[in-house]
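J.: Give me the fold of what follows.
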Amino acid sequence: MPDEPAQDASGSAAPGRLVTGTAWLVLFLGLWLWGREATDAREGVSLPATGDMAAAGRPPDVPLPPAHAPLAAAAPSRLDIPQLDVQAPVLARALDDRGAIEPPSFAQADSVGWYGAGVAPGAAGTALMVGHVDTETRPAVFYQLSTLEPGETIRVVRAGGEVAEFTVDDVEVLTRDGFDAQQAYGPRTTGRAELRLITCGGTFDHAKGAYTANVVVSAYLTGTAGASHTPKAPV
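T.: Numbering: from 1, shown residues only. Just a heads-up that it's a prediction; the model follows:
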């Protein structure tokens, strides 16, 4: 096992956290989800893989825009997060034999998994996307997810070229103990088109072979753009 220090949820050093543990979600009763962990963690170098966890949950310091009316359903093809310099292909994922969203493989760690049997991003309801925070050797697509703040932008390129623009309204770090599926994945406002981005966070628990928390970013539809829309530079 590596013994290099890694950052914990407060940004301070924590010894020997693996970077390969990934938290995923068990799906019960349609779209209700519960946190669970992957148990096939492997040895690798230690990296500060959860981003600035202290940033999560920060209250908005700017007014949030009004919600845009939901769009017709269309499958997503790419996820853009300008502030994090993320432009990631989106893969439709089903459930595995245990009822969990099947994530992209570690070989596809720069891709995002979308629960294809659920809500399409931009349509009414809550669309669910998951991504790795790291691999055994490097950061993955959602490495810095916890550093997003309310008011920042997420864009989803949809089939046909339309871009659904979402505004972040909440970032939460939810521990596994007492995990509340409705709090994490239930709609924040009835009738809106909402988006949840989920990855693992906290510290890595060697005894359980899992991270101690989930990072859940909540956003809602606030606009649309054409296929030629260019994401702004990260800040």
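J.: By mean pLDDT, point me to the weakest helix or strand of the protein.
T.: strand 13-15 (a mean of 29; mean pLDDT, DSSP states H and E).
J.: all helices in the chain, in order from the N-terminus.
T.: 181-185 (DSSP state H).
J.: Number of residues surrounding the residue lying closest to Thr175 once chain neighbours are set aside?
T.: Closest residue to Thr175 apart from its sequence neighbours, by CB to CB, 6 or more residues apart in numbering: Ala213 at 4.8 Å. In this view, the C-beta of every residue, glycine as well, is placed from N, C-alpha and C. As a burial measure, Ala213 scores 24 neighbours (other CB atoms under 10 Å).
J.: So what pairs up with Ala213 in the strands?
T.: Thr175, Gly201 (DSSP bridges).
J.: and the gap between it and Leu174?
T.: 6 Å (CB to CB, to the nearest Å).
J.: again, but for Gly191
T.: Gly191 is 25 Å from Leu174, by CB to CB.
J.: what's the answer for Asp80, then?
T.: 25 Å.
J.: List the contacts of the nearest residue to Val217 once chain neighbours are set aside.
T.: Excluding its sequence neighbours, the residue lying closest to Val217 (CB to CB, 6+ apart) is Leu197, at 4.3 Å. Going by CB atoms under 8 Å, 6 or more residues apart in numbering, Leu197 touches 112, 129-131, 142, 145, 154, 216-217, 219.
J.: 7 Å instead, please
T.: Counting by CB atoms under 7 Å, 6 or more residues apart in numbering, Leu197 makes contact with 129, 142, 145, 217.
J.: I figured the third one was touching Val216, is that so?
T.: Spelled out, it's Leu145. No. The pair Leu145 and Val216 does not pass the contact test of CB atoms under 7 Å, sitting 9.2 Å apart.
J.: hang on, Thr126 packs against Tyr115?
T.: No. Taking CB under 7 Å as the definition, Thr126 is not a contact partner of Tyr115, at 9.9 Å.
J.: one step back: which one of Gly191 and Leu174 has more residues nearby?
T.: Leu174 (21 against 11).
J.: Compute the distance between the more buried one and Ala127, please.
T.: 19 Å.
J.: likewise Leu197?
T.: For Leu197, the distance to Ala127 - CB to CB - is 10 Å.
J.: From the structure, what's the count of residues near Ser218?
T.: 20.
J.: how about it, what does it touch?
T.: With CB under 7 Å, 6+ apart, Ser218 has these contacts: 169-170, 188, 194, 196.
J.: hmm, which of those are the buried ones?
T.: 169-170, 194, 196 (16 or more other CB atoms under 10 Å).
J.: Of those, which belong to strands?
T.: Among the buried ones among the contacts of Ser218, DSSP state E puts 169-170, 194, 196 in strands.
J.: would a markdown table of these with pLDDT and distance to Asp180 be doable?
T.: Output for those, formatted as a markdown table (pLDDT from 0 to 100; distance: CB to CB, whole Å):
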| residue | pLDDT | distance to Asp180 |
| --- | --- | --- |
| Asp169 | 95 | 18 |
| Asp170 | 93 | 14 |
| Glu194 | 98 | 17 |
| Arg196 | 96 | 14 |
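J.: burial count for His132?
T.: Neighbours around His132, by other CB under 10 Å: 30.
J.: Could you report the pLDDT at it?
T.: pLDDT recorded at His132 is 91.
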